[in-house]
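[1] what's the 3D shape of this:
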Amino acid sequence: MRIKKNLFSKLLGTYTLVTLISIIIVSLFFYIFFSQYYFAVKEKQLLIQGKEMGDILSDYIMNEDFEKVNELVDNFNKVNISHMWIVDKNNNIISGNKELNHDDKICPNSSQVERALKGEEVYNKGIIKYVNEPVLSVALPIYAENKIEGAIFVCNPLSDIINSIMQTFKIVIFAGVIAIFISVFVSYFISMSIVKPIKKITDISLEISKGNFSNKVPVYSSDEIGKLAETFNYMMVTLDKTMRDLEDEKNKMSKLEKSQRQFVANASHEIRTPLTSVRGYVEAILDGVIKDKEEERRHLSIILKETLRMHRLVNSLLDLSRIESGQIKVNKRKLNISEIINRTAMKLKPIIEDQEIKLVLDISENLPMVWGDDDLIEQVIINYITNAVRFTPAGGSIIIMAEQHNNEVCVHTIDTGVGISVEELNKVWRRFYKIDKTRQLSKEGAGLGLSLVREIIQLLGGRTWAESELGKGSDFSFSLIIC
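    You can find the predicted model right below:
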């Protein structure tokens, strides 16, 4: 069975292993260092002992007072753990360690002594005769009146050096074990500090996969892990916003598709109605049902009227489509809004008066120039006036008022018609929306005029709004930015 290792156990194991290897390396370093140090100290100690004894014994050897030499050497061997031998310049033992069973004529390491008799200071580690354990030995010449009169051989068992080294090594090992425990303890918390936010990120990622963006990763530090948490939180916020935007776009597309279907249905209905009427009158004329010329002329007049109605409807649809697709060309320039209002009113005056409606112009003097398109503004005014005519009974009046308000020029089309209810007032800007037919004095409208007005004014950077009260009339307005 495979054991599943998580990030925490990997980090903790890695930290512990690195610490253990580091401690082993450091322990070996200290072992080697202290071994060399202790041997160097012991070699120096033996050298000092040898030189001091050589200085003391040199005169006695030169005077061949070997009895005194033996006495001094015996005393040295008794009070020290070292073993000492003295040889003359012919490599014959003068004195040695009597406690050791050895040949009085042979020095334990004659080759080392021979080099000392040549003036060298010779060190050696190893097992020598008569001493059945490893020793550190030194041989050096004995001078008397600048002449070599003999040599001194001193050796010291390595057991005391090894014991010192081992004691030091035990201390290092003990400290290393404590360091390992401390390291494991510290590594545990370090690993947790790394794993905890990552685990939190993992848990929150699972929540995100379920569509939950409400949770955030806590930021515990300003290091790379903290930066990772901050970046993840930022990514989550961005992703949440993106998902919401996509959802909004999806809803917008759904509404747009629904609107398009409704638009097609309404357009089809508006076109089918006059077509049906036209078809009926044409069939009646072709079938010879209508004999009277006057009646035929009346039918043809109705056909023309319905045809013109379809023409206006198609033009309005085309204008809306061109505006929404950005294909319409706007000739935006400085305009005198008073001239446009007067010119348009004069064009429509015969139609208005034909309906027995009074037209009043109330234009403030010295109105500033505005930014706009001459043809489009004229179209807006025409739509507003024809809309007012449609809902104003004979004997009523329509007032075109223009005034400056802050950085805008506001144009109002005020009628004394039937008015619009509050519930319907917010809907009149929708495409194909028609006021209650029982209150319409004219049935010609397709419900596109006000929708087209709003699109045009928005294209020119202005505003549109309406105020109305049932039985008192309406005020449809638009504004344009002053130059």
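
[2] do you know how far the nearest residue to Trp465 once chain neighbours are set aside is from Met401?
    Excluding the flanking residues, the one nearest Trp465 by C-beta to C-beta, 6 or more residues apart in numbering is Ser477, at 5.6 Å. The C-beta positions use only the backbone N, C-alpha and C, and glycine is treated the same way. Going from Ser477 to Met401 by C-beta to C-beta, to the nearest Å gives 9 Å.

[3] identify the contacts common to these two.
    Common contact partners of Ser477 and Met401 (C-beta atoms under 8 Å, 6 or more residues apart in numbering): 411-412.

[4] and Ile93, what are its phi and psi?
    When read as degrees, to the nearest 10, the backbone of Ile93 gives phi -70, psi 130.

[5] tell me the confidence at it?
    For Ile93, the pLDDT comes out at 83.

[6] tally of neighbours for it?
    Residues within reach of Ile93, counting by other C-beta atoms under 10 Å, total 20.

[7] you'd agree it is up against Val87?
    Yes - the criterion here is C-beta atoms under 8 Å, and Ile93 meets it with Val87 at 5.5 Å.

[8] quick one: low-confidence parts of the stretch 351-483 of the chain?
    Applying pLDDT under 70 to the stretch 351-483 of the chain flags residues 432-447.

[9] remind me which residues of the chain are low pLDDT?
    For the chain (pLDDT under 70), the answer is 1-5, 97-109, 127-132, 256-257, 259-274, 309, 312-313, 316-327, 432-447.

[10] what's the domain layout of it?
    Domain assignment for the chain, taken from automatic domain parsing, gives 7-165, 216-328, 332-481.

[11] Gly176: which of these is closest?
    Ranking these by distance to Gly176, with C-beta to C-beta as the measure, places domain 7-165 first at 4.0 Å.

[12] Ile81: how many residues sit nearby?
    Other residues close to Ile81 by other C-beta under 10 Å number 9.

[13] what helix or strand does it sit in?
    Per DSSP states H and E: Ile81 is located in neither a helix nor a strand.

[14] surely it touches Pro157?
    Yes - under the criterion of C-beta under 8 Å, Ile81 makes contact with Pro157 at 6.5 Å.

[15] and the biggest helix by length in the chain, how far out from the chain's middle?
    If you go by DSSP state H, the chain has its longest helix at helix 224-286. Put simply, helix 224-286 sits 33 Å off its chain's centre (C-alpha atoms, centre = their mean, to the nearest Å).

[16] what do you get for stretch 452-470?
    Per C-alpha atoms, centre = their mean, the centroid offset for stretch 452-470 relative to its chain is 44 Å.

[17] how long is it end to end?
    With C-alpha to C-alpha, to the nearest Å as the measure, stretch 452-470 spans 24 Å from end to end.

[18] any buried residues in it, and which?
    Applying a neighbour-count criterion of 16 or more other C-beta atoms under 10 Å, one finds 452-457, 459-460, 462, 464, 466, 468 buried in stretch 452-470.

[19] now stretch 248-257
    Buried-residue list, stretch 248-257, by 16+ other C-beta under 10 Å: empty.

[20] likewise for stretch 291-306?
    Buried residues in stretch 291-306, counted by 16+ other C-beta under 10 Å: 299, 303, 306.

[21] now do stretch 44-57
    Residues 46, 49-51, 53-54, 57 are the ones in stretch 44-57 that count as buried (16+ other C-beta under 10 Å).

[22] with these in mind, which one is nearest to Ser137?
    Leu46 (7.6 Å).

[23] just to be sure, Ile481 is in a helix?
    No - if the criterion is DSSP: H, G, I helix; E, B strand; the rest coil, then Ile481 is strand and not within a helix.

[24] now do the lengthiest strand in the chain: which elements does it pack against?
    The residue-count maximum for a strand in the chain (DSSP state E) belongs to strand 131-144. Packing partners of strand 131-144 (3 or more C-beta pairs under 8 Å, 6 or more residues apart in numbering; DSSP states H and E): helix 7-62, strand 83-88, helix 110-117, strand 122-128, strand 147-157, helix 159-209.

[25] winner for burial among these?
    strand 83-88 (a mean of 24; mean count of other C-beta atoms under 10 Å).

[26] next secondary structure after that one?
    Once the chain leaves strand 83-88, the next helix or strand it forms, by DSSP H and E, is strand 93-95.

[27] check which helices and strands that next one sits against.
    helix 66-79, strand 83-88.

[28] okay, these in a markdown table with distance to Lys200 next?
    A markdown table is the format used below for those (distance: least, C-beta to C-beta, whole Å):
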| stretch | distance to Lys200 |
| --- | --- |
| helix 66-79 | 73 |
| strand 83-88 | 72 |
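
[29] can you tell me which of these is most buried?
    Mean neighbour count (mean count of other C-beta under 10 Å) peaks for strand 83-88 among the helices and strands packed on strand 93-95, with a mean of 24.

[30] adding distance to Ile178, write the domains of the chain out as CSV.
    Formatted as CSV, those follow (distance: least, C-beta to C-beta, whole Å):
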stretch, distance to Ile178
domain 7-165, 10
domain 216-328, 28
domain 332-481, 79
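
[31] nearest to Ser193, of those domains?
    domain 216-328 (6.9 Å).

[32] for that closest one, measure first residue to last.
    Domain 216-328 has an end-to-end distance of 48 Å (C-alpha to C-alpha).

[33] how close does Gly176 sit to Gln167?
    Plainly put, Gly176 is 15 Å away from Gln167 if you go by C-beta to C-beta.
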